[in-house]
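1. build me a structure from this.
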Amino acid sequence: MPKTVRPLFKAKLQTIDKHGEAAVFFLAKFNGMVYKIFPGEKVKAKQWLPNKKGKGNGRLKDAESGNAQVNDRLDAFDRKLSEKWKEKPGLAPEQFRQTVFSDKPEEFCLPLSAWMEIYCKEPKRAMRRLDEIGPSQKESLLSFLRKLTEAPDIRQLAFGRSGLSLTYFEFIKDFVEKKKTEGLTTARKHLLAFAHLYGKFDFDDINWNWRDRFLQFCYTEEQCEFEMDGKLVKYRKKPFEQNYTAKVMAKVVQFVNAGRRAGLTSNTNVSERGFGVPFVDGNACILYESDFEIIDSLDLSHRPDLANVRNLALRGFCTGLRFSDWHKIDKKRIEVIPDRGRVMNIKTQKTKALVSIPVDSLFDRVLNEPDPYMMGYDAFNERLRELCELAGVTRLIDWTTRRGGIQEDFQVRLCDEVSAHDLRRSGLTRLALKGVPDRILRIISGHTTDNQLQKYLRIGDKLALLASVN
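-> Numbering: from 1, shown residues only. Below is the predicted model of the structure:
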């Protein structure tokens, strides 16, 4: 008889929980299909020996108490998989899983979470609601199916989206984990703090009254402690400025709209005109080439930290890139274009766009300096302000703050407020004056329209910088 080819099932661990435990599952790939089967065992992750050549198929350390019995059960389950495959080879993964558990189902018991993993369309979401369904003790397949039959809400939870009833914070946790964006994570933290101080809320509670209370939270100083992802967060904030509040409110709208698309809410309040917070022209500290001539003339042999900051600042000024892209500036990225000069090609971290930045005499001189070491954003800003004050770049500039609809106009010293973002704005303006097309500037800056770009550059600052360059 021809030999039956069977996939190689390897025992692996599921995600480790906060107690250091993880569910065991058997994984195999065969003819382009993936087979993932849970035997119903949960073990200590530190005692697990992973799959290694010549060292078993993924088992526990036998020296530990009780592990030998678990390994015996895993061996028995592995043999059961082999027997079932010989009986009905080549079945699709779902059919094979059900075949494995169909033999004497009243005797074969699994945790409720394992049955969910086998039968549910969205097991991760369903398993989060186990506390509402009942205790997670081991049950037979017949018992599990009886529960689904007798309780329609559980059946919907297992097999249909209509039964999923995620709360606002459960949904945004999933949403943030999938997007993995820092701005969304920060917005979630602000919302958790607001819920701790002002009371819990859900999708349908986000209306115009909620907006007023949330803006009050944004424009006042707050501090509290709350739990986030199993960790205690000591939250403290100063009043937000209007543009930062507008960013946070935009994330709130994004969360609700995503929940509506997922069928979790019908809330349309956030789509009404005026629900968001408008952006206003922000403050800017524009640096000119004459400023950098003074900074470059400083003797910083006794302050290597400020010499490093000067090198970083010049790179930001020459390229107009974000702070997160400065570490990519390297002579090896320079490309020589015949009859047009040299450019540096860099793929930006935020937009993933490939940008080409012209290499002029100032940029070329900066590249010949020793490569600087990167530092934290806040630490860089603190040293940059110290450097500007040391160089005498202390001229007064107009400054505006807007919090809670109250606007204050006054003057500040440039060296007290300048930041890495101002180097980016100054650098982009410098490139514009050197004739770099707006289309290329938009790619470097990440703006989508010319209108956004022109607000970012500001014509008055362009003329002042032009006079400085001339």
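
2. mind listing what Val366 touches?
-> Contacts for Val366 (CB atoms under 8 Å, 6 or more residues apart in numbering) come out as Asn311, Leu314, Arg315, Cys318. Any C-beta I mention is one placed from the backbone N, CA and C, and that applies to glycine too.

3. and which of the residues you listed is nearest Phe240?
-> Arg315 (30.5 Å; CB to CB).

4. excluding sequence neighbours, find me the nearest residue to that closest one.
-> Excluding the flanking residues, the one nearest Arg315 by CB to CB, 6 or more residues apart in numbering is Ile329, at 5.0 Å.

5. ok, now Gly20?
-> Ala45 (5.6 Å).

6. okay, that neighbour: pLDDT?
-> The pLDDT attached to Ala45 in the predicted structure is 82.

7. could I have stretch 30-49 exported to PDB, CA atoms only?
-> Extracted in PDB, the C-alpha atoms of stretch 30-49 (Å, rounded to 0.1, in the frame of the first residue of the first chain):
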ATOM      1  CA  PHE A  30       0.500  20.800   4.400                       C
ATOM      2  CA  ASN A  31      -0.300  21.600   0.800                       C
ATOM      3  CA  GLY A  32      -0.600  25.300   1.500                       C
ATOM      4  CA  MET A  33      -3.000  24.800   4.400                       C
ATOM      5  CA  VAL A  34      -2.300  25.700   8.000                       C
ATOM      6  CA  TYR A  35      -3.500  23.400  10.800                       C
ATOM      7  CA  LYS A  36      -3.700  24.800  14.300                       C
ATOM      8  CA  ILE A  37      -5.200  22.500  17.000                       C
ATOM      9  CA  PHE A  38      -5.500  23.100  20.700                       C
ATOM     10  CA  PRO A  39      -5.200  20.000  23.000                       C
ATOM     11  CA  GLY A  40      -6.500  22.000  26.000                       C
ATOM     12  CA  GLU A  41      -3.300  22.200  28.000                       C
ATOM     13  CA  LYS A  42      -2.000  25.400  29.600                       C
ATOM     14  CA  VAL A  43       1.600  25.400  30.900                       C
ATOM     15  CA  LYS A  44       4.200  27.700  32.500                       C
ATOM     16  CA  ALA A  45       6.200  29.300  29.700                       C
ATOM     17  CA  LYS A  46       9.500  29.200  31.600                       C
ATOM     18  CA  GLN A  47       9.300  25.400  31.800                       C
ATOM     19  CA  TRP A  48       8.700  25.000  28.100                       C
ATOM     20  CA  LEU A  49      11.400  23.500  25.700                       C
END
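
8. tell me the domain ranges of this structure?
-> The chain resolves into domains spanning 10-163, 168-271, 289-469 when parsed by automatic domain parsing.

9. gap between the two ends of stretch 261-280?
-> Terminal residues of stretch 261-280 are spaced 30 Å apart (CA to CA, to the nearest Å).

10. ok, Ile406 to Gln242 distance?
-> 10 Å (CB to CB, to the nearest Å).

11. which of these two has more neighbours?
-> Gln242 (22 against 9; other CB atoms under 10 Å).

12. contacting residues for the more buried one?
-> Val277, Pro278, Phe279, Val280, Arg402, Arg403.

13. can you give me the buried ones in stretch 304-316?
-> By neighbour count on 16 or more other CB atoms under 10 Å, the buried set for stretch 304-316 is Leu306, Ala307, Asn308, Val309, Arg310, Asn311, Leu312, Ala313, Leu314, Arg315, Gly316.

14. which other helices and strands does the top strand by length along the chain contact?
-> For the chain, the strand with the greatest residue count under DSSP state E is strand 21-30. The elements that strand 21-30 packs onto, with contact taken as 3 or more CB pairs under 8 Å, 6 or more residues apart in numbering; DSSP states H and E, are strand 10-13, strand 33-37, strand 42-44, helix 67-87.

15. what mean pLDDT does the longest one get?
-> The one in question is helix 67-87. pLDDT averaged over helix 67-87 gives 82.

16. what residues of it count as buried?
-> Burial within helix 67-87, assessed by neighbour count using 16+ other CB under 10 Å, is assigned to Asn67, Val70, Asn71, Leu74, Phe77, Asp78, Lys80, Leu81, Lys84, Trp85.

17. by how many degrees do the helix or strand just after that helix and strand 21-30 diverge?
-> Toward the C-terminus, helix 67-87 is succeeded by helix 93-102 as the next helix or strand (DSSP states H and E). Helix 93-102 runs at 120 degrees relative to strand 21-30, counting by axes from the mean of the first three to the mean of the last three CA atoms, to 10 degrees.

18. that older thread, how many neighbours does the residue nearest to Gly20 have?
-> Neighbours of Ala45 using other CB under 10 Å come to 14.

19. what's the neighbour count on Arg439?
-> Neighbour number of Arg439 under other CB under 10 Å is 9.

20. mind checking what secondary structure the residue nearest to Gly446 when sequence neighbours are not counted has?
-> Spatial nearest neighbour of Gly446, chain neighbours left out: Thr351 (4.8 Å); criterion: CB to CB, 6+ apart. Three-state call for Thr351 (DSSP: H, G, I helix; E, B strand; the rest coil): coil.
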